[in-house]
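Asker: What follows is a predicted structure for the sequence shown.
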Amino acid sequence: MSGEKKPPIWKSFGYAFEGIFTCIRKERNMKIHCVMTLLVILAGFIFHISATEWCICLTLFGLVMALELVNTAVEAVVDLVTSECRPLAKIAKDTAAGAVLIAAIMAAIAGLIIFLPKGIALFLG
Ligand SMILES: Nc1ncnc2c1ncn2[C@@H]1O[C@H](COP(=O)(O)OP(=O)(O)OP(=O)(O)O)[C@@H](O)[C@H]1O
């Protein structure tokens, strides 16, 4: 669309939100990320985590969800380019999925470091 007049900023935001909602609707993993995010937010309020811990959690939610959106975009582009079984298509999809996995594993470990001691302390009284 180069050379054409750019859409107003609110329309660009609208398209971005459309992308987010489409991903939530279509991708099972994105639904799981949303549920995990809500559970961690709930746990954050229950355990009164610090401002720094909130910032770490929010950054990791953002990272995992943003990578899931990019993964969905890569899948869509690959499927648009070819429906045949191609080694490059496999590399593109598998590496994009790997990026989400790495972020999700690190987020889970950070979550355990933040919440496990608080959970144990609450359990032991
Ligand atoms: N065109 C292709 N050529 C080669 N391998 C492919 C191709 N399309 C998919 N694959 C392989 O199948 C796997 C699953 O692809 P698919 O498009 O079904 O993703 P998905 O299971 O929907 O992923 P997600 O769970 O992240 O949405 C890919 O990671 C890749 O290894």
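Answerer: Yep, it's here. Numbers count the residues shown, from 1 in each chain.
Asker: Which other helices and strands does the host helix or strand of Val78 contact?
Answerer: Following DSSP states H and E, one finds Val78 within helix 51-81. Contact here means 3 or more Cβ pairs under 8 Å, 6 or more residues apart in numbering; DSSP states H and E; on that basis helix 51-81 packs against helix 9-26, helix 28-46, helix 87-124. (Glycine included, C-beta is placed from N, CA and C.)
Asker: What's the mean pLDDT across the shortest one?
Answerer: In this model, helix 9-26 has a mean pLDDT of 95.
Asker: same for that helix, what does it pack against?
Answerer: Under the contact criterion of 3+ Cβ pairs under 8 Å, 6+ apart, helix 9-26 touches helix 28-46, helix 51-81.
Asker: Go ahead and flag the most central residue of the protein.
Answerer: Met65 (1.2 Å; Cα atoms, centre = their mean).
Asker: Please name the residues that touch that one.
Answerer: By Cβ atoms under 8 Å, 6 or more residues apart in numbering, the residues touching Met65 are 30, 33-34, 37.
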